[in-house]
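**Q** This is a predicted model, with the sequence first.
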Amino acid sequence: MLPFTLFDAALPYADFLAQFGTPADRGRWDAVRAAVVLSEDQRAVLAAFKRRTPVLVLAGAWCGDCADNCPIFERFAEIAPVLNVRYLDRDAHPDAQAELRINGGNRVPVAVFFSEDGQEVARYGERTAADYRRLISAVDGNLARGSEPTATADHRAAVVTDWLREFVRVQCVLRLSPRLRKLHAD
């Protein structure tokens, strides 16, 4: 299990990019952040979040998948201030990388969701189903046929939806937790 103490070592978005990113890296992340559009329904869902949720993201500023995904989390946090998203550099924290391997490999981004009191709730990463459907179409078109939008904006919207689904799932776990319901008297 990943220790919650790593959350204290992690950095907010701008600080992470300032410390670990090149100007080109920051430009890629910021361009994606500007391009992420949330629907009114998505904004309403995020605005309804009630439980404080620390989200630790293992990432690399140099990583294209991180640049394509992590800015989405910042958009979510703008609407849902209960989300506290922080970034941990993969190469600066090999212990975290070892704990968060996926299928035996070092992958980023990986998001680890915690309760407000530091209990691990879930892990998700490194790519969403929409990303994998797009990638698999080059290898096995039959598996991906008809399941993924082809335009970049449509693909980004599908990735946003995949991530939002996971953030919602975590929020539901936290809202229904007997321990947290007792703490918040709800």
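**A** On my side now, so go ahead.

**Q** so where's the chain uncertain?
**A** 140-153 (pLDDT under 70).

**Q** and the lengthiest helix in it, how far out from the chain's middle?
**A** With DSSP state H setting the assignment, residue counts place helix 152-176 as the longest helix in the chain. Distance of helix 152-176 from the chain centroid (C-alpha atoms, centre = their mean, to the nearest Å) equals 9 Å.

**Q** Let's see stretch 28-43 as CSV, backbone CA atoms only.
**A** Presented in CSV, the C-alpha positions along stretch 28-43 are these (Å, rounded to 0.1, in the frame of the first residue of the first chain):
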residue,chain,number,x,y,z
ARG,A,28,2.2,20.9,-23.8
TRP,A,29,0.4,20.5,-20.4
ASP,A,30,-1.0,24.0,-20.5
ALA,A,31,-2.3,23.5,-24.1
VAL,A,32,-4.2,20.4,-23.1
ARG,A,33,-5.5,22.2,-20.0
ALA,A,34,-6.8,25.0,-22.2
ALA,A,35,-8.4,22.5,-24.6
VAL,A,36,-10.3,20.4,-21.9
VAL,A,37,-13.9,21.3,-22.0
LEU,A,38,-16.4,20.0,-19.5
SER,A,39,-20.1,19.8,-20.3
GLU,A,40,-22.7,21.4,-18.1
ASP,A,41,-23.7,17.9,-16.8
GLN,A,42,-20.1,17.1,-16.0
ARG,A,43,-19.7,20.4,-14.2
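
**Q** Which positions in it come out as buried?
**A** 28-30, 32-33, 36, 38, 42 (16 or more other C-beta atoms under 10 Å). C-beta: built from backbone N, CA, C; applies to glycine.

**Q** isn't Leu46 right next to Phe76, touching?
**A** Yes. If you go by C-beta atoms under 8 Å, Leu46 and Phe76 touch, sitting 5.7 Å apart.
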